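[1] Coordinates for the following, if possible.
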Amino acid sequence: DPVDLLQGSLDLLILKTLSWGPMHGFGIARWLRVLTDDALQLEEGSLYPALYRMANRGWIAAEWRITENNRRAKYYALTASGRRQFTAESDAWLRFAAIVAKILRTRREPT
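    Predicted coordinates for the structure are as follows:
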């Protein structure tokens with residue numbers, strides 16, 4: 001079943017995807033969809049505004065290239081600032097997820 005993105009997670013997912021190398025928007029959405037067995041499906045209405053916002057913040061850079069299908073597409077790549085942002089967001093997300101998991105696994109009653 002498809003899942004909704006949690007607020008604040010889209011940038012992290014895009015940064016992770018681009019940590020493997022430059023990719024166009026459709027490729028980013030496809031990689032996340034395939035990796036999650038179709039559970040995560042990014043819509044253009046959320047993906048492209050996020051890419052533009054991240055480019056404006058200096059986390060990613062964009063350039064036009066020819067795709068594997070011989071079409072022009074804008075490819076996005078992490079900048080040094082984007083790599084630092086990815087590391088910081090990834091660390092914070094993993095810490096938060098561990099805390100939530102601890103709460104969900106507890107068998108202790110609140111006192």
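[2] drop to CA atoms for contacts and neighbour counts, all remaining ones
    OK.
[3] in this protein, which spans are helices?
    10-18, 25-35, 44-56, 80-105 (DSSP state H).
[4] need those helices in a markdown table with distance to Arg72 and mean neighbour count, can you?
    Formatted as a markdown table, the helices of the chain follow (distance: least, CA to CA, whole Å; neighbours: other CA atoms under 10 Å):
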| stretch | distance to Arg72 | mean neighbour count |
| --- | --- | --- |
| helix 10-18 | 19 | 20 |
| helix 25-35 | 12 | 16 |
| helix 44-56 | 16 | 14 |
| helix 80-105 | 24 | 13 |
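[5] Spatially central residue for this structure, please.
    Per CA atoms, centre = their mean, the C-alpha nearest to the average position across the chain is that of Leu13, at 1.6 Å.
[6] Please report the distance of that residue from Phe86.
    Leu13 is 9 Å from Phe86, where distance means CA to CA, to the nearest Å.
[7] what's the answer for Ser9, then?
    Distance from Ser9 to Phe86, by CA to CA: 11 Å.
[8] Next: Glu109.
    To Phe86, Glu109 is 36 Å away according to CA to CA.
[9] dump the residue contacts of Tyr48.
    Contacts for Tyr48 (CA atoms under 8 Å, 6 or more residues apart in numbering) come out as Gly25.
[10] do you know how far it is from Thr106?
    39 Å.
[11] swap in Ala29?
    Taking CA to CA, one finds Ala29 at 35 Å from Thr106.
[12] And for Arg71?
    Distance from Arg71 to Thr106, by CA to CA: 52 Å.
[13] Same question for Val3.
    25 Å.
[14] go on, Ile28?
    36 Å.
[15] separation between Ala80 and Ile103?
    Distance, Ala80 to Ile103, by CA to CA: 35 Å.
[16] One more: Ala55?
    Remark: distance between Ala55 and Ile103 (CA to CA) = 36 Å.
[17] try Ile66
    48 Å.
[18] what about Asp37, how many neighbours?
    12 (other CA atoms under 10 Å).
[19] sorry, that was for Thr36
    13.
[20] Same check on Asp4?
    So Asp4, with other CA under 10 Å, has 10 neighbours.
[21] No further questions, thank you.
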